[in-house]
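>>> this is a predicted model, with the sequence first.
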Amino acid sequence: MVIKLIKKNIVAGLIGSLFAAAGVSHFLSPNFFEAIVPRWVPSPSLANQISGALEIALGCALLVPATRRKAAWGLIVLLAIVFPANIDMFVNNVKVSSGNGENIRVEGAPDVWVRNLARLPLQFVLAYLLYRQARPKSSRLPVGP
């Protein structure tokens, strides 16, 4: 039981730190993240700021046992909300190209198909790991006399 709890805390720490660091990156390199926002989103800058702030807040909340379940569900919802951006990157072969201090969106790039395809199942892996953090403790009764 103790080993399971330690393992769960380590996984929560890794995932929470991953999301918090990614959220910070949204503010340190906004041009990169805004370039991968689908064209149909009205304000890439606002979308970047909101998703970055949520990643930081929910990632940090995942580190705290008292807020872990709600944070995990929040991150699962966030993954579902941003999933269309990953589909957009795959369908349109989007890559971000750097030049003159700017990051620009390049569609139809021939060398990104595999990378963008790999992003799609990764979202489900993260969602599964978060679900394991979000599910309630087992309510099974002990077996025995």
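Sure thing, it's come through. Treat the numbers as computed from the prediction; the structure is a model and nothing was measured.

>>> all contacts plus neighbour counts: C-alpha atoms, from now on.
Will do.

>>> tally of neighbours for Arg132?
By other C-alpha atoms under 10 Å, 16 other residues sit near Arg132.

>>> which SSE is it in?
Element membership for Arg132 (DSSP states H and E) is helix 113-134.

>>> chain center to that helix, what's the gap?
Centre-to-centre, helix 113-134 and its host chain are 8 Å apart (C-alpha atoms, centre = their mean, to the nearest Å).

>>> run through the neighbouring helices and strands of it.
Here helix 113-134 touches helix 2-28, helix 68-91, going by 3 or more C-alpha pairs under 8 Å, 6 or more residues apart in numbering; DSSP states H and E.

>>> okay, those helices in TSV with distance to Pro121 and mean neighbour count next?
Output for these, formatted as TSV (distance: least, C-alpha to C-alpha, whole Å; neighbours: other C-alpha atoms under 10 Å):
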stretch	distance to Pro121	mean neighbour count
helix 2-28	16	16
helix 68-91	10	19
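
>>> quick one: closest of these to Leu129.
Proximity to Leu129 (C-alpha to C-alpha) singles out helix 2-28 among the helices and strands packed on helix 113-134, at 8.1 Å.

>>> for stretch 45-53, buried residues please.
By neighbour count on 16 or more other C-alpha atoms under 10 Å, the buried set for stretch 45-53 is Ser45, Ala47, Asn48, Gln49, Ser51, Gly52, Ala53.
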